[in-house]
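> Structural data only, the sequence is not supplied:
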């Protein structure tokens, strides 16, 4: 991974371009432009580099979209959530509230649609179910919930939250409101890069990978933050 200087860009006064060496193929996908003028010249190769590394985060069983239990939390831990046994027990005490909210969110709900098409009230109810559990913050919650609604819920780990800091209401804000604010900001970035991210998804599908646009943008943000 190499950072390639600074170049002019029509969308920003200066755009820092992050390129990834690919001596075999040339990606047909257009660049992705993130915040602060950071451009990713070859987003397809960036995502492929993540998928070829260990620790890939898989999507849970699509036949159980409204259920939530210990297997979902174990899956999140395999993806690096680090949810302790005590935290798992505390979350499972709220299982009925979590599953009630999931039933109100269509399995195919996506951030890629119109703003009003996102089930914000049900999403707030879902996040409220995780509020005030000691040691369970936005990262652990969204890593547990992402596989249930992978086109809707990004994984709000520390690097993604740093990227979205302009949309962060802060730790003193109500838990669910803070999460919703970050996701609304995330949605705006997805909308701005929709054509490029969708093209990446289509290329990945042709190669046998099943990723949503939300997860693709997750990986691109992580790559940009790591290179900063």
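Cool, got the structure. The shown structure was predicted, so the numbers you read here are calculated from the model rather than taken from an experiment. Residues are numbered from 1 along each chain as shown.

> alpha carbons only for contacts and neighbour counts from here, please
Fine.

> Would you mark the buried spots in stretch 169-176?
Within stretch 169-176, the residues that count as buried by 16 or more other Cα atoms under 10 Å are 169, 175, 176.

> Can you pull out the residues in contact with it?
124, 125, 127, 128, 131, 132, 177, 178, 181 (Cα atoms under 8 Å, 6 or more residues apart in numbering).

> Let me know the closest of those residues to residue 50.
Taking Cα to Cα as the measure, residue 181 is the one of these closest to residue 50, at 27.0 Å.

> Number of residues surrounding the residue nearest to the closest one when sequence neighbours are not counted?
Once its chain neighbours are removed from consideration, residue 181 has its nearest residue in residue 167; the separation is 6.0 Å (Cα to Cα, 6 or more residues apart in numbering). Applying other Cα atoms under 10 Å, we find 18 residues neighbouring residue 167.

> any idea how far residue 167 lies from residue 178?
From residue 167 across to residue 178, the span is 9 Å (Cα to Cα, to the nearest Å).

> what's the closest of the buried residues of stretch 169-176 to residue 189?
Here the nearest of these to residue 189, counting by Cα to Cα, is residue 169; it sits at 17.4 Å.

> Then that closest one would be within a strand, right?
No: according to DSSP: H, G, I helix; E, B strand; the rest coil, the state of residue 169 is coil, so it is not within a strand.

> From residue 200, how far off is residue 88?
Taking Cα to Cα as the measure, residue 88 and residue 200 are separated by 35 Å.

> if you count what's nearby, which of these two comes out ahead?
When neighbours are counted by other Cα under 10 Å, residue 88 and residue 200 differ, and residue 200 comes out ahead with 26 against 16.

> Contact partners for that one?
When contacts are taken as Cα under 8 Å, 6+ apart, residue 200 is in contact with 29, 43, 44, 216.

> Name the residues of the longest helix anywhere in the chain that are buried.
Scanning the chain for the longest helix, with DSSP state H as the assignment, gives helix 175-192. Along helix 175-192, the positions that meet the burial threshold by neighbour count (16+ other Cα under 10 Å) are 175-184, 186-187, 189-190.

> and if you look at stretch 221-228?
Residues of stretch 221-228 classed as buried under the neighbour-count rule (16+ other Cα under 10 Å) are 221, 222, 223, 224.

> before we move on, the earlier item: now distance to residue 153 and pLDDT too, for the buried residues of helix 175-192, in JSON lines please.
Supplementary listing: those in JSON lines, determined by distance: Cα to Cα, whole Å; pLDDT from 0 to 100:
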{"residue": "175", "distance to residue 153": "15", "pLDDT": "98"}
{"residue": "176", "distance to residue 153": "13", "pLDDT": "98"}
{"residue": "177", "distance to residue 153": "14", "pLDDT": "98"}
{"residue": "178", "distance to residue 153": "14", "pLDDT": "98"}
{"residue": "179", "distance to residue 153": "10", "pLDDT": "98"}
{"residue": "180", "distance to residue 153": "10", "pLDDT": "98"}
{"residue": "181", "distance to residue 153": "12", "pLDDT": "98"}
{"residue": "182", "distance to residue 153": "11", "pLDDT": "98"}
{"residue": "183", "distance to residue 153": "8", "pLDDT": "98"}
{"residue": "184", "distance to residue 153": "11", "pLDDT": "96"}
{"residue": "186", "distance to residue 153": "10", "pLDDT": "97"}
{"residue": "187", "distance to residue 153": "10", "pLDDT": "96"}
{"residue": "189", "distance to residue 153": "14", "pLDDT": "97"}
{"residue": "190", "distance to residue 153": "12", "pLDDT": "96"}
